[in-house]
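J.: Predicted model and sequence follow; I will ask about them next.
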Protein chains: 2
Amino acid sequence: MSLYSEINEQPERIKSLLSSQRKVVEKIAAEIHKRDVQYVFLAARGTSDNAGRYANYLLGAQNGLPLALATPSLFTYYKQPPKLKNALVVGISQSGQSPDIVSVLEEGKKQGCATLAITNEPKSPLTQNADFVLDIQAGAEKAVAATKTYTTELMSIAMLSAALSGNKKHWQELSKVPGWMKDVLKQDKVIAQAAERYRYMDQTIVLGRGFNYATAFEWALKLKELTYINAEPYSSADFAHGPIAMIEPGFPVLAVAPKGKVFDSMLEMLKRLRTDISAELVVISNDKRALSLAQVPLTIPADTPEWLSPLVSILPAQLFAYYLTLAKGYNSEQPRTIRKVTETK
Amino acid sequence: MSLYSEINEQPERIKSLLSSQRKVVEKIAAEIHKRDVQYVFLAARGTSDNAGRYANYLLGAQNGLPLALATPSLFTYYKQPPKLKNALVVGISQSGQSPDIVSVLEEGKKQGCATLAITNEPKSPLTQNADFVLDIQAGAEKAVAATKTYTTELMSIAMLSAALSGNKKHWQELSKVPGWMKDVLKQDKVIAQAAERYRYMDQTIVLGRGFNYATAFEWALKLKELTYINAEPYSSADFAHGPIAMIEPGFPVLAVAPKGKVFDSMLEMLKRLRTDISAELVVISNDKRALSLAQVPLTIPADTPEWLSPLVSILPAQLFAYYLTLAKGYNSEQPRTIRKVTETK
């Protein structure tokens, strides 16, 4: 089963990416520093767009860079691209082939911006207009649902952030990610068992905030692709502005709530969901207060720093989606309707 | 019933906003032109965030302005706001009270950016750090689910875009919006009847693209707030990158597909959904090819230009949500769990 082995391959892929690409990333960061970059303009779709959501928080918090997620149709259908003065234009794509993402980088290059491609295919169309290429080196990904290309994209972004800030402590923390990943994968049997409980779940919502807003989106996407569940991701703040109305007693809510600066706000929401509304909770965390509210608590290592927690917390989420796919009797390798490379304009 | 009367009030509110605020908007546009604005940094939540999605496409396509949607937690919980050099910082909030949105404008002001508040409460905290205030003049909105404040926010953004570009044709088109709105409201009985069919619908997805990406989000939000349906919005492109896998025969899909530059891509997706997957379709459009694919076609005027179609196409969507609320026996004025003013950090 490719999906299962690709999930389990992640600690090794991340370890090798870190050692082989550090110098490349530091060189790219040095070149970016030479340009007058005032913000990042990032184009991606699907799983790669979720990696872009991580970049949105990380580059903002650690590198002071505002980030705009591109609206590719302005470049393709409307042919009215905005003026990208002083932007670093970034395209993220596993295959490097989606025409809309390629066209954003092309326009960035045409307008004289610095351009960066983050991809698993360094000879793809995406890299043709890239000043810099970050090769995520995930190896061939055979399962249609992306797993290791997601975490290697996150790692590439985290390395770029560390290189841009030149923060040595961050590089030390990065080196611990493979070990944390191995730790969480040990919960394999617990997660397989827990997935049984959700055999007949047909809809859910997934909550995350800050750095793990990305994790909520990616967990929801895996569930939609693999188990065909209507799984909608939210920040806990947006969720409070209306959608919380739809939660009834027993409604299943999945949440990513590791320790960190947004933890208190997530905990408050989890208490409200469990205590006031009697929702069902699956919680990924390293804080007992959050885990104790859950019918299904999934643990990540206690010392995972918040900024790297998305790399670790997505693994139990991937396993949860995988085992739920099996419990529901679906095909984990080739979901219906979708293909590996989606070419949208 | 406040919700119903507020929906029907929209043509008049829009008409009066257009005549009373044009000069104010033109003055703001002139001031913005004096600054070296390279991109827009916009903070909003809920319905106002959907108005922000409209601004993302409109200011990009018509004014060449890239737009970044703010991540307010960087300003509040993380206290690591990005450097906003050369940004126009915009906050949109009906009440002008949500602390996270207020804090983004405050930081923008502190960093010396031009700041703009778009609000229904011109004396609210949001305007304290605003160089410019756009008063949407919607009048008191009593229903918890926002309707007229959404369309007046859209209108304010559309007026700002027309003022920034100085395009006379656009001002002429703006003056026709109230008439188009009145036209679509005539379908009231048809929509009331159509809503019956979805009495037992418990989940759906809502598709839109380009300018109407915002409409898809806002339609979905009304359904979640009022009918407690798990309604997830997508661009048709993102939808093709994975989530389409969850659609089974009979799964209800709502779509906003007026004529315009993204129409062909929406039509292709609607054909795929209806012909290949036998999905159920509710379609808002002014093109017969899209309408003829729908079990429930909802029409907007033939001559609505694409850039203003979000102001018109949301009205049948609001009525649909209202009548579905009645069909399901819920309270349209005071949905469970949520309040009118949501104060998130």
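T.: Cool, got the structure.
J.: which residues are contacting the helix or strand of chain A with the lowest mean pLDDT?
T.: One helix or strand of chain A scores below all others by mean pLDDT, DSSP states H and E: helix A:236-240, with a mean of 87. Under the criterion C-beta atoms under 8 Å, 6 or more residues apart in numbering or on different chains, residues A:205, A:207-209, A:262, A:265-266, A:269, B:45-46, B:49, B:72-73, B:100, B:338, B:342, B:344-345 lie in contact with helix A:236-240. (Glycine included, C-beta is placed from N, CA and C.)
J.: switch the cut-off to 7 Å
T.: A:207, A:209, A:265-266, A:269, B:45-46, B:100, B:342, B:344 (C-beta atoms under 7 Å, 6 or more residues apart in numbering or on different chains).
J.: from those, which ones fall inside helices?
T.: A:265-266, A:269, B:46, B:100 (DSSP state H).
J.: Turn these into TSV, including neighbour count, distance to residue B:88 and pLDDT.
T.: Output for those, formatted as TSV (neighbours: other C-beta atoms under 10 Å in any protein chain shown; distance: C-beta to C-beta, whole Å; pLDDT from 0 to 100):
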residue	neighbour count	distance to residue B:88	pLDDT
A:265	21	28	95
A:266	26	31	97
A:269	22	32	96
B:46	27	22	91
B:100	23	19	92
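J.: Can you add distance to residue B:328 and give those residues back as a markdown table?
T.: Below are the ones in helices among the contacts of helix A:236-240 laid out as a markdown table (distance: C-beta to C-beta, whole Å):
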| residue | distance to residue B:328 |
| --- | --- |
| A:265 | 31 |
| A:266 | 31 |
| A:269 | 26 |
| B:46 | 22 |
| B:100 | 32 |
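J.: and the closest residue to chain B within the stretch 151-300 of chain A, how many residues sit next to it?
T.: Using C-beta to the nearest C-beta, residue A:241 is the residue of the stretch 151-300 of chain A that sits closest to chain B, at 3.4 Å. The local packing of residue A:241 (other C-beta atoms under 10 Å in any protein chain shown) involves 25 other residues.
J.: before we move on, what about the one 3 residues further on?
T.: Here the count is done by other C-beta under 10 Å, and residue A:244 has 25 residues near it.
J.: And for the one 3 residues further on?
T.: Residues near residue A:247, counting by other C-beta under 10 Å, number 24.
J.: Show residues contacting the helix or strand hosting residue A:284.
T.: Using DSSP states H and E, residue A:284 falls within strand A:280-285. Residues outside strand A:280-285 that contact it (C-beta under 7 Å, 6+ apart): A:250-258, A:270, A:273-274, A:290-291, A:293-298, A:300, A:313, A:316-317.
J.: ditto for stretch A:120-136
T.: For stretch A:120-136, contacts defined as C-beta under 7 Å, 6+ apart pick out A:17, A:21, A:25, A:28, A:31, A:91, A:93-97, A:101-102, A:105-106, A:109, A:114-119, A:138, A:141, A:149, A:152-153, A:156, A:160.
J.: Which of those residues fall within strands?
T.: Residues of those located in strands (DSSP state E): A:91, A:93, A:114-119.
J.: Nearest to chain B among those residues?
T.: For the ones in strands among the contacts of stretch A:120-136, the nearest to chain B is residue A:93 (10.4 Å; C-beta to the nearest C-beta).
J.: List the residues that contact the closest one.
T.: A:44, A:48, A:101, A:119, A:126.
J.: In the record's domain split, what are the boundaries for chain A?
T.: A:3-175, A:178-327 (automatic domain parsing).
J.: Let's have the ones you listed in a markdown table, adding distance to residue B:333.
T.: Formatted as a markdown table, the domains of chain A follow (distance: least, C-beta to C-beta, whole Å):
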| stretch | distance to residue B:333 |
| --- | --- |
| domain A:3-175 | 35 |
| domain A:178-327 | 13 |
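J.: if we can go back for a sec, got the contacts of residue A:93 as a markdown table, with distance to residue B:81 and pLDDT columns?
T.: Shown next, in a markdown table, are the contacts of residue A:93 (distance: C-beta to C-beta, whole Å; pLDDT from 0 to 100):
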| residue | distance to residue B:81 | pLDDT |
| --- | --- | --- |
| A:44 | 24 | 96 |
| A:48 | 26 | 96 |
| A:101 | 28 | 95 |
| A:119 | 30 | 98 |
| A:126 | 31 | 97 |
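J.: so residue A:152 makes contact with residue A:138?
T.: Yes: Residue A:152 is within contact range of residue A:138, at 4.4 Å (criterion: C-beta atoms under 7 Å).
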